[in-house]
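J.: coordinates only, sequence not included:
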Ligand SMILES: Nc1ncnc2c1ncn2[C@@H]1O[C@H](COP(=O)(O)OP(=O)(O)OP(=O)(O)O)[C@@H](O)[C@H]1O
């Protein structure tokens, strides 16, 4: 029944000189996220986008649009000429879809006369349309202008009029890519996919970097990370996964470093490799799923000595969140079920009995004395495998 989906974007409209670039990018991202549907022309007019419905596909269209970062809300709408009779007809059609024939609901009409040359003023049009609706559906509806259950929106624009009832929330944020590129250290756990998603929501074009220790970690553990990338691609169109062969480095650390320093030294290597590779990929920041005091390697002392090996900024979107908040988010973005599959990660394989919770820089430097850090980092970076994953519709 609907002709068009009305797309509202919030923050982008505030971006001054960059506005056109942001809107253009948003349109590109929308096209990518609905590329499995029939092609259509997206219109951009005065702070709104209009995406036409083709062959009644408004549900699939909404599903695709809902996941595009930068969109604040969506309304499936009827588009009609600027003619009072046609507007009334459209209002009745839209209302008919949302009334409940077993219960009286409250409603109001909210007109926005964006084009002031339209001869009927907003309040007057509210009253005319409200009257028409009550005449047809008076048994199921009554007016409540303060707290209505149903709000019928009417937008009068220069070319045409849009009538809608539903308002579906988007994620907000910024269109993917407008803020630059970042590299997310993606394990198979619960946290890093959420960190990836949150960074992407702020417009960062995020690529994933995974450390894999085959054969200590299985192919299934790698598959799990690939599946997470596919889930994230639902929001990002496609996700690049860079896999670092980490076995050799872990063996060396295990052989040459004190047991209680294994995790700290391993993380220092991860950061060094990530920074070196970020330079190659022209990524400006690293992103991790770290969180204060969740595990031994996430004490402030650990974070300090781990961070010390890099200059690149490290974004930690989850840093102050409680575990339950992270889990809720993981469920909401549909990565949780994959994350809890019980396949080992390279960190879990090498967990020492008593990891140091307060390592010092002096201890780190001492532990690394017998390692050829530069050679190990360079070799790992040289052998990174690149794959790309898209959401399978
Ligand atoms: N194998 C790995 N590959 C890539 N990044 C990793 C890997 N293991 C850990 N990381 C990065 O280091 C961060 C901290 O890992 P750690 O295991 O201490 O915490 P975590 O809370 O279990 O994180 P997650 O749930 O993301 O695995 C992760 O969020 C991730 O960004």
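T.: Now that the structure is in, tell me what you want to look at. All values derive from a computational prediction rather than experimental measurement.
J.: what residues does the protein have near the ligand?
T.: Counting by C-beta under 6 Å from any ligand atom, the residues of the chain close to the ligand are 185-187, 189-192, 210-211, 288-291, 294-295, 297-298, 345-347. Where C-beta positions appear, they are placed from N, C-alpha and C, glycine not excepted.
J.: what about these, which are in strands?
T.: Those of the residues of the chain next to the ligand mapping onto strands are 185, 210, 211, per DSSP state E.
J.: the first one contacts residue 278, correct?
T.: Which is residue 185. No. Using C-beta atoms under 8 Å, residue 185 is not in contact with residue 278, being 10.4 Å away.
J.: mutual contacts of these two, please.
T.: Contact criterion C-beta atoms under 8 Å, 6 or more residues apart in numbering; residues bridging residue 185 and residue 278 by contacting each: residue 286.
J.: between those two, which one's more packed in?
T.: Neighbours per residue (other C-beta atoms under 10 Å) separate residue 185 from residue 278, with residue 185 holding more: 23 against 20.
J.: tell me how far that one lies from residue 227.
T.: Taking C-beta to C-beta, to the nearest Å as the measure, residue 185 falls 17 Å from residue 227.
J.: mind giving me the domain ranges of the chain?
T.: According to the TED database, the chain comprises the domains 4-169, 181-390.
J.: pLDDT on stretch 290-298, on average?
T.: Taken as a whole, stretch 290-298 carries a mean pLDDT of 79.
J.: strands along the stretch 151-300 of the chain, start to end?
T.: Remark: strands assigned in the stretch 151-300 of the chain by DSSP state E, counting those that start in this stretch are 161-164, 168-169, 180-185, 204-212, 238-245, 285-287.
J.: chain center to the fifth one, what's the gap?
T.: Counting by C-alpha atoms, centre = their mean, to the nearest Å, strand 238-245 is centred 18 Å from the centre of its parent chain.
J.: point out the other helices and strands that it packs with.
T.: The contact analysis (3 or more C-beta pairs under 8 Å, 6 or more residues apart in numbering; DSSP states H and E) places strand 238-245 against strand 204-212, helix 219-236, helix 262-281, helix 373-382, strand 385-390.
J.: likewise for the last one?
T.: Counting by 3+ C-beta pairs under 8 Å, 6+ apart, the packing neighbours recorded for strand 285-287 are strand 180-185, helix 191-201, strand 204-212, helix 262-281, strand 314-315.
J.: can you list the ones you listed in JSON lines and add mean pLDDT and distance to residue 237?
T.: Output for these, formatted as JSON lines (pLDDT from 0 to 100; distance: least, C-beta to C-beta, whole Å):
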{"stretch": "strand 180-185", "mean pLDDT": "97", "distance to residue 237": "14"}
{"stretch": "helix 191-201", "mean pLDDT": "98", "distance to residue 237": "10"}
{"stretch": "strand 204-212", "mean pLDDT": "97", "distance to residue 237": "10"}
{"stretch": "helix 262-281", "mean pLDDT": "97", "distance to residue 237": "18"}
{"stretch": "strand 314-315", "mean pLDDT": "98", "distance to residue 237": "21"}
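J.: just say which of those is most tucked in.
T.: Ranked by mean neighbour count under mean count of other C-beta atoms under 10 Å, those are led by helix 191-201, which reaches a mean of 26.
J.: what angle sits between that one and strand 204-212?
T.: Relative orientation of helix 191-201 and strand 204-212, computed by axes from the mean of the first three to the mean of the last three C-alpha atoms, to 10 degrees: 160 degrees.
J.: check contacts around the closest residue to residue 387 other than its chain neighbours.
T.: When the adjacent residues along the chain are set aside, residue 387 lies closest to residue 241, with 5.0 Å between them (C-beta to C-beta, 6 or more residues apart in numbering). Neighbour list for residue 241: 186, 207, 208, 210, 225, 226, 229, 386, 387, 388, 389 [criterion: C-beta under 8 Å, 6+ apart].
J.: show me what residue 241 bridges to in the sheet.
T.: residue 208, residue 387 (DSSP bridges).
J.: list the contacts of the nearest residue to residue 195 once chain neighbours are set aside.
T.: Spatial nearest neighbour of residue 195, excluding adjacent residues (C-beta to C-beta, 6+ apart): residue 289 at 4.2 Å. Shown in contact with residue 289 (C-beta under 8 Å, 6+ apart): 185, 187, 189, 190, 191, 192, 193, 194, 195, 316, 318.
J.: and the closest residue to residue 306 other than its chain neighbours, how close does it get to residue 200?
T.: The shortest distance from residue 306 to any non-neighbouring residue, by C-beta to C-beta, 6+ apart, is to residue 267 (4.6 Å). Counting by C-beta to C-beta, the gap between residue 267 and residue 200 amounts to 23 Å.
J.: again with residue 314
T.: According to C-beta to C-beta, residue 314 stands 16 Å off from residue 200.
J.: with residue 44 instead?
T.: Note on residue 44: its distance to residue 200, by C-beta to C-beta, is 23 Å.
J.: any stretches of this structure with poor pLDDT?
T.: Within the chain, the segments meeting pLDDT under 70 span 12-15, 294, 296, 344-350, 393.
J.: what is the burial count for the nearest residue to residue 2 once chain neighbours are set aside?
T.: Using C-beta to C-beta, 6+ apart and skipping residues adjacent in sequence, the residue nearest residue 2 is residue 76, 4.1 Å away. By other C-beta under 10 Å, the residues close to residue 76 number 23.
J.: quick one: strands adjacent to whichever strand or helix holds residue 76?
T.: Taking DSSP states H and E as the criterion, residue 76 maps to strand 71-80. Strand 71-80 pairs in its sheet with strand 4-9 (antiparallel), strand 161-164 (antiparallel), strand 168-169 (antiparallel), by DSSP bridges.
J.: closest point of the stretch 1-150 of the chain to the ligand, which residue?
T.: residue 69 (20.3 Å; C-beta to the nearest ligand atom).
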